[in-house]
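Novice: Sequence first, then the predicted structure:
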Amino acid sequence: MIFYITTPIYYVNDIAHIGHSYTTIAADIIARWKRLNNFDVFFLTGTDEHGAKIAAAAKEKGKTPQDLCDEMSAKFKEVWKLLNISYTDFIRTTEQRHFTAVEKIIQILFNKRFIFKKKYEGLYCVGCERFYPQKDIDENGCCPFHKTKPILQSEENYFFKLSAFQDSILKRITNPNHKEHIEIQPEERKNEIIGKLKNGLEDISLSRSIVEWGIPLPFDKKQTVYVWVDALINYITGIGYPENTTKFQKYWPADVHLMAKDILWFHAVIWPAILMGAELPLPKQVYAHGFFTLNGDKMSKSLGNVISPQELVNKYGVDASRYLTVTITPFGSDGDISWQGLTLKYNTDLANNLGNLVSRTIKMADKYFNLKVPQTNFDLDLVKKVAGFLKENFIVNMNNMQLHKASQALQNAIALVNKQIECDAPWKTAKTDADKLASYIYSYLQAADIIALYLLPFMPGTAEKIWHIMGASGNINEIAKKYFADFIIPKNGFSISKSQLQNTESLFPRISLTVVFNKKRLK
Ligand code: MSP
């Protein structure tokens, strides 16, 4: 079973912020989930390094574009390492392998007469790296995204006959039975795309004569390939196109292209048209999640309100940052975030719910059995209940990219065990029935075990830590793969060691909200 997932390739004019890490962590969670389900996963991310925007950023910093790209793509890689992102490959559009792929695709489109020359005048937003038709410019004459005035540019460019693909794209998006169906998610964003498609498609400029920092057109070296067309092709370069046919055929078409709604149009319409023009299969799904705002404002460097992944990690640790980033808002919808909201969720879900479950169970094992809980014929009811609940509520949501719902199922399962502990009141049983007490505590350990398996995609380090703390036997990843194949509850021996007791305390220390209310940060 093959699974190919991609993130957008990020512009290197700036460093990664929480918006970029949102998509990348989400893709990582899905990639890890698929691996645990025994898929052969290819997970591609990378950096988008050409175009006017990058050239301008380099100039501003007094660097060559290539130096800026080398420096910034290395920074993206560092952030992904920090966040434990398990990508298979990291593509940079300045690599030779990408030049080869772009030249090949452009040449095919040219040979098939999908490319023609035309004089064009239009309003160009460098921030978006695209021309805007007058009707899409806002009432102040600005780009709807960047709120800056686009530049009037007049050029003789090569154009791509996007209009030729209007009907075929519409059919492929709207008809789920089409053999080349592209599923656009979420539904309301699909409807926006359909609406726009029905209004008609205009041909798009495919080259720039005034942008030097790009890939020269194979048939006219005086022009460079438009950065968006260049960038989209990364999705096939990354899996070996055109030279490694075996690898390419193994992974293409992509199962999911993941991104935010800002760039859905490029992925849902322009990319399929390029692929159709080149007679290549289309991606199976394009998923556009929502946009973060911070305390109600668009995050931007100029407003000075950008949250960086490093800041998050300093405050919450790696796994909690991964968890909070993807679960703080419903996946697919826009959402406003704040430090206060993140900390509240950290305390509720991680310190109080998950941390508490692990810590109280281990403490009871220590207090009542000196960490050697006898394996009496324990009652499997609780474990079965937790396992059944997760099987029913977690899996379906993960497979539908409803990451916030899947994580909520996990929280509910943890709460279920915490409630059971309250209800059993083992501290009372301790006075009367040692066998029953052992069976209680053993069942909590077993339930926490199952929870740790489901925690793996979201918090791989924490899941493993919990596994170690409980002294559960075997490699958690291997056991998880087996578990998700047949759902037979592993019967674990637990050999908890004294040294692990401290680790329990430091899993998720509570964070005081006063620390978070740093006046400088909040409006
Ligand atoms: N280089 C293009 C993508 C080319 S893909 C062939 C680009 N780069 S970008 O650096 O601007 O990244 C845009 C993506 O970053 C969004 O689609 C989303 O995945 C992520 N996000 C950036 N800011 C975000 C938010 N504020 N909220 C959520 N995601 C955001 O566009």
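Specialist: Sure thing, it's come through. Treat the numbers as computed from the prediction; the structure is a model and nothing was measured. Residues are numbered from 1 along each chain as shown.
Novice: Go ahead and confirm residue 141 touches residue 149.
Specialist: Yes. Judged on Cβ atoms under 8 Å, residue 141 makes contact with residue 149 at a distance of 6.0 Å. Yep, even glycine has a C-beta here, placed from its N, CA and C like the rest.
Novice: The two - which one has more neighbours?
Specialist: residue 149 (13 against 10; other Cβ atoms under 10 Å).
Novice: Do I have it right that residue 448 meets residue 463?
Specialist: No. Taking Cβ under 8 Å as the definition, residue 448 is not a contact partner of residue 463, at 10.5 Å.
Novice: who's more crowded, these two?
Specialist: Remark: of residue 448 and residue 463, residue 448 carries more neighbours, 26 against 21, as counted by other Cβ under 10 Å.
Novice: Now do the same contact list for the residue nearest to residue 123 when sequence neighbours are not counted.
Specialist: Distances taken as Cβ to Cβ, 6 or more residues apart in numbering place residue 150 nearest to residue 123, at 3.9 Å, with adjacent residues excluded. Applying Cβ atoms under 8 Å, 6 or more residues apart in numbering, we find residue 150 in contact with 123, 124, 125, 132, 137, 142, 143.
Novice: how about 7 Å then?
Specialist: Applying Cβ atoms under 7 Å, 6 or more residues apart in numbering, one finds that residue 150 lies in contact with 123, 124, 125, 132, 143.
Novice: Pull the number of nearby residues for the third one.
Specialist: Translated: residue 125. 21.
Novice: now do the fourth one
Specialist: Other residues near residue 132 come to 18 when the count uses other Cβ under 10 Å.
Novice: Same check on residue 369?
Specialist: Neighbours around residue 369, by other Cβ under 10 Å: 16.
Novice: got the residues of the stretch 101-250 of the chain near the ligand?
Specialist: Residues of the stretch 101-250 of the chain lying close to the ligand by Cβ under 6 Å from any ligand atom are 231, 232, 234.
Novice: repeat for the chain
Specialist: 8-11, 19-20, 22-23, 48, 231-232, 234, 259-260, 262-263, 291-292, 299.
Novice: Point out the ones among those that are inside strands.
Specialist: Among the residues of the chain next to the ligand, the members falling in strands (DSSP state E) are 8, 9, 10, 11, 48, 259, 260, 292.
Novice: picking that back up, is it possible to get a markdown table of the contacts of residue 150 that adds secondary structure?
Specialist: Shown next, in a markdown table, are the contacts of residue 150 (DSSP: H, G, I helix; E, B strand; the rest coil):
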| residue | secondary structure |
| --- | --- |
| 123 | strand |
| 124 | strand |
| 125 | strand |
| 132 | strand |
| 143 | coil |
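Novice: Let's have the residues you listed in CSV, adding pLDDT.
Specialist: Below are the contacts of residue 150 laid out as CSV (pLDDT from 0 to 100):
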residue, pLDDT
123, 90
124, 89
125, 90
132, 88
143, 90
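Novice: May I ask which two of those residues are separated the most?
Specialist: 124 and 143 (9.4 Å; Cβ to Cβ).
Novice: Let's see the pLDDT reported for the residue of the stretch 51-200 of the chain found nearest the ligand.
Specialist: Distances between the stretch 51-200 of the chain and the ligand by Cβ to the nearest ligand atom are smallest at residue 129, namely 7.7 Å. What the model reports as pLDDT for residue 129 is 85.
Novice: can you give me the helices in the stretch 201-350 of the chain?
Specialist: Secondary structure of the stretch 201-350 of the chain (DSSP state H, counting those that start in this stretch): helices located at 227-232, 234-237, 245-251, 264-265, 271-277, 309-316, 318-327, 339-345.
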